[in-house]
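Chemist: no sequence on hand, only this structure:
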DNA sequence: TTTAATTACGCAATCGTTCCCGGTATCGAT
DNA sequence: ATCGATACCGGGAACGATTGCGTAATTAAA
């Protein structure tokens, strides 16, 4: 079933004018007499004329829409970031087209192809947990396509990036556990390919080093899907709990990692923080209602989305190639509650 | 900074052919010789030619993208529904453009205008809590624009609708509390304008009626923003707790209502379910980890998104006007846990 | 009264693609 | 040798809007 919309031609025909005149009248050009303008404007209003954005896109070679690729929108960090993205895009008159990679490299590549084939003016992306090869992004970027990374970045691509101080966040979280007397702190890490995983791991390592605790690699476990699958978290935690010296605290490096960790403990009847303390990265807004209430490292997701979008629009609307790129590092917020005591 | 993409003209020029021939070769027309086809295909591949979807949209009068308007994507029900929407849209080669009304009528109208001005082929919408007047949707629908409602529907508009059995969900939830010996059951309701609020309220009322409990209107409180603001929930619960007969159980009729209710009790030191039992509509996937674990009525959000999208695409791709509309009512799932015992 | 300037509008190209018309060339059949 | 058929390809309009340029009509200036 077709939805026929009114065009500038309909107005022109009805009023016995040319399309040029109508177009100019609508744009309030000085070349059109006040009489004609009034006539056109009134008729356009009457028949509810709306300019066709697709025709404009074709002519102006811009669609006024931006693409966003994240792993999952049903993840509080990303839905909050998208809120930030949307708030800026909305103000500037841009559409937002969202795609999910579901942590799959293949899907990310397809999404990118799909979006980049000229229906978007620029891209905001937080790469998938599987992504090791960034050539799909690099190709596009090299051809001048505006891309801004947030949270999970491709280090090898030289463009704007908005991230958080993952090193410090993990360092502070680990330090807090150490200060509370924990000695055997394990790190439940995300995908080893991700920049954030590496940085958070480094922060963790530095903290235990600063406290004179020898590094034991069996205290670090990676989850290739970033904790999206309960099973991978289960495997990792089974590994920890079967060590001869069971960890007395855990730092979980991502949202799903943290909650699935809590689920594991609940299932196994392990008491938090009595048996094991827990502190994780999370942006859920009800971590305070969990049992026990969760100590978390919280990212300024909304602000990250906003900043990334501002930089992207700056790239898109810049007249000439941009060569100076910002590398924004935002602070993280530590929220200490019951689970880490 | 501009991103120049290759067009069919570039291929035509490079190969000394006309654009018509190139176009036909790319679409594998029988009118083109195998030699020419091969040549064109290979060159197109080489220079990474991708057809311009905007030019196609202009010509075909369809954009192959659908709009979605929800109140908040940072709401588990909606993010799950969007996952369902996206899964179908992706399979059928459609883009998804998401807008948020943030429960504001004004914003919903603007979003709709923005989307409907011909950059989308159809719309999926769950109306905002504020929306009483549906004329913005009615106008569009009357002009043949494909719209499908899910969850929060406009009863007066005759089109496909995908909802859940809210009446039964609320009835069963209330019945469960009654069966557990609760007598003074309050209903924390959402916006009185919403269809779901009315249906859920009706289910609640029927249950207490069936159990011979007289209806007392002071046991029902509406939250105009659907619980999005903690303050409105606080006001409602303050009202309940100041009654001479304080409710011994509460049915919360929406996600945010439920969690904010729990937050209120935690803040006030009210024990759940010892002091007051709680049962609410929620799609959070960690209600089992809350303190206490939450009894919920859960909606098949993903499936709702999928179904709504299938019906929308059916409308969009139908050759002639559709006059028979589906009114899908899906069952709800009751998950009994600690908070309602 | 003639000329120059101003006003107000139309024509046509453009964006990238498709598709309806043609057209030419080659071949086989008569 | 002529005709018809087939194979193959190009020209140009169209989608909806913008815009540079041309021009008629009107007005002002000389």
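Modeler: Received, thanks. Since the model is a prediction, treat every value here as computed from it, not as a measurement.

Chemist: distance of the residue lying closest to residue A:5 once chain neighbours are set aside from residue B:57?
Modeler: Distances taken as C-beta to C-beta, 6 or more residues apart in numbering or on different chains put residue B:118 closest to residue A:5, at 5.4 Å, once the chain neighbours are dropped. Quick note: C-beta positions are derived from backbone N, CA and C, even for glycine. Remark: distance between residue B:118 and residue B:57 (C-beta to C-beta, to the nearest Å) = 9 Å.

Chemist: show me where chain A has its strands.
Modeler: A:65-70, A:95-100, A:122-125, A:147-150, A:161-164, A:185-189, A:220-222, A:249-252, A:277-281, A:295-298, A:327-330, A:333-335 (DSSP state E).

Chemist: tell me which of these sits most buried.
Modeler: Compared across the strands of chain A, strand A:249-252 shows the largest average neighbour count, a mean of 30 (mean count of other C-beta atoms under 10 Å in any protein chain shown).

Chemist: centre of the chain to that one, how far?
Modeler: Its chain's C-alpha centre and that of strand A:249-252 lie 24 Å apart, by C-alpha atoms, centre = their mean, to the nearest Å.

Chemist: name the helices or strands packed onto it?
Modeler: Other helices and strands packing on strand A:249-252, by 3 or more C-beta pairs under 8 Å, 6 or more residues apart in numbering or on different chains; DSSP states H and E, are helix A:166-179, strand A:185-189, helix A:255-268, strand A:277-281.

Chemist: of those, which is nearest chain B?
Modeler: For the helices and strands packed on strand A:249-252, the distance to chain B is smallest for helix A:255-268, at 5.5 Å, taking C-beta to the nearest C-beta.

Chemist: can you pull the residues of chain A lying near DNA strand D?
Modeler: A:7-9, A:19-20, A:23-24, A:26-27, A:31, A:49-52, A:55-56, A:58-59 (C-beta under 7 Å from any atom of the strand).

Chemist: again, only using 10 Å
Modeler: Residues of chain A lying close to DNA strand D (C-beta under 10 Å from any atom of the strand) are A:4-12, A:18-27, A:29, A:31-32, A:44, A:49-60.

Chemist: residue ranges for the helices of chain A, please.
Modeler: A:8-15, A:19-26, A:34-46, A:53-60, A:76-91, A:105-116, A:135-142, A:166-179, A:195-210, A:230-241, A:255-268, A:301-317 (DSSP state H).

Chemist: let's have these in CSV, adding mean pLDDT and mean neighbour count.
Modeler: Listed next are the helices of chain A as CSV, based on pLDDT from 0 to 100; neighbours: other C-beta atoms under 10 Å in any protein chain shown:
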stretch, mean pLDDT, mean neighbour count
helix A:8-15, 94, 17
helix A:19-26, 95, 19
helix A:34-46, 95, 14
helix A:53-60, 94, 17
helix A:76-91, 95, 22
helix A:105-116, 92, 19
helix A:135-142, 94, 16
helix A:166-179, 97, 22
helix A:195-210, 96, 20
helix A:230-241, 96, 18
helix A:255-268, 94, 22
helix A:301-317, 97, 22
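
Chemist: looking at the stretch 151-300 of chain A, which residue is nearest DNA strand D?
Modeler: For the stretch 151-300 of chain A, the residue positioned closest to DNA strand D under C-beta to the nearest atom of the strand is residue A:160, at a distance of 28.7 Å.

Chemist: please tell me how far that residue sits from residue B:93.
Modeler: Applying C-beta to C-beta to residue A:160 and residue B:93 gives a distance of 31 Å.

Chemist: for residue A:319, report the pLDDT, please.
Modeler: On the pLDDT scale, residue A:319 is placed at 81.

Chemist: who are the contact partners of the nearest residue in space to residue A:155 that is not next to it in sequence?
Modeler: Nearest non-adjacent residue to residue A:155, counting by C-beta to C-beta, 6+ apart: residue A:195, 6.0 Å away. By C-beta atoms under 8 Å, 6 or more residues apart in numbering or on different chains, the contact set of residue A:195 is A:152-155, A:163.

Chemist: which of those residues has the weakest pLDDT?
Modeler: Across those, the smallest pLDDT goes to residue A:155, namely 93.

Chemist: who in the stretch 51-200 of chain A is up against chain B?
Modeler: Those residues of the stretch 51-200 of chain A that sit near chain B, judged by C-beta under 8 Å from any C-beta of the partner chain, are A:51-55, A:57-58, A:61, A:63, A:65, A:72-74, A:76, A:79-80, A:82-83, A:86, A:95-100, A:113-114, A:117-119, A:143-146.

Chemist: among these, which are within reach of DNA strand C?
Modeler: Within those, those near DNA strand C by C-beta under 10 Å from any atom of the strand are A:54-55, A:57-58, A:61, A:117-118.

Chemist: and those residues, which two are furthest apart?
Modeler: Largest separation among these by C-beta to C-beta: A:55 and A:117, giving 18.6 Å.

Chemist: rewinding a little: does the residue nearest to residue A:5 touch residue A:6 like I think?
Modeler: No - when contacts are counted by C-beta atoms under 8 Å, residue B:118 is not listed as touching residue A:6 (10.2 Å).

Chemist: give me the common contacts of these two.
Modeler: Listed as contacting both residue B:118 and residue A:6 by C-beta under 8 Å, 6+ apart are residue A:50.

Chemist: which one's more surrounded, these two?
Modeler: residue B:118 (21 against 15; other C-beta atoms under 10 Å in any protein chain shown).

Chemist: ok, now how distant is that one from residue A:15?
Modeler: Using C-beta to C-beta, we find residue B:118 at a distance of 22 Å from residue A:15.

Chemist: roughly how far does whichever residue of the stretch 51-200 of chain A sits closest to DNA strand C sit from residue A:51?
Modeler: Distances between the stretch 51-200 of chain A and DNA strand C by C-beta to the nearest atom of the strand are smallest at residue A:59, namely 3.7 Å. According to C-beta to C-beta, residue A:59 and residue A:51 sit 11 Å apart.

Chemist: equivalent analysis for residue A:32, please.
Modeler: Taken as C-beta to C-beta, the span from residue A:32 to residue A:51 is 17 Å.

Chemist: compare those two and say which is more crowded by neighbours.
Modeler: Ranked by neighbour count (other C-beta under 10 Å), residue A:32 and residue A:51 place residue A:32 first, with 21 against 16.

Chemist: coming back round to it: buried ones among the contacts of residue A:195?
Modeler: Burial by neighbour count, judged by 16 or more other C-beta atoms under 10 Å in any protein chain shown, picks out A:152-154, A:163 from the contacts of residue A:195.

Chemist: now do the contacts for residue A:69.
Modeler: Residues in contact with residue A:69 (C-beta under 8 Å, 6+ apart) are A:99-101, A:108, A:111-112, A:115, A:123-127.

Chemist: ok, now residue A:11?
Modeler: So residue A:11 contacts A:17, A:22, A:40, A:43-44, A:47, A:49 (C-beta under 8 Å, 6+ apart).

Chemist: can you check residue A:333 too?
Modeler: Taking C-beta under 8 Å, 6+ apart, we find residue A:333 in contact with A:297-300.

Chemist: let me have the contacts of residue A:11 in JSON lines, extended by distance to residue A:323.
Modeler: Formatted as JSON lines, the contacts of residue A:11 follow (distance: C-beta to C-beta, whole Å):
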{"residue": "A:17", "distance to residue A:323": "47"}
{"residue": "A:22", "distance to residue A:323": "43"}
{"residue": "A:40", "distance to residue A:323": "45"}
{"residue": "A:43", "distance to residue A:323": "49"}
{"residue": "A:44", "distance to residue A:323": "44"}
{"residue": "A:47", "distance to residue A:323": "48"}
{"residue": "A:49", "distance to residue A:323": "42"}
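
Chemist: this completes my enquiry, with thanks.
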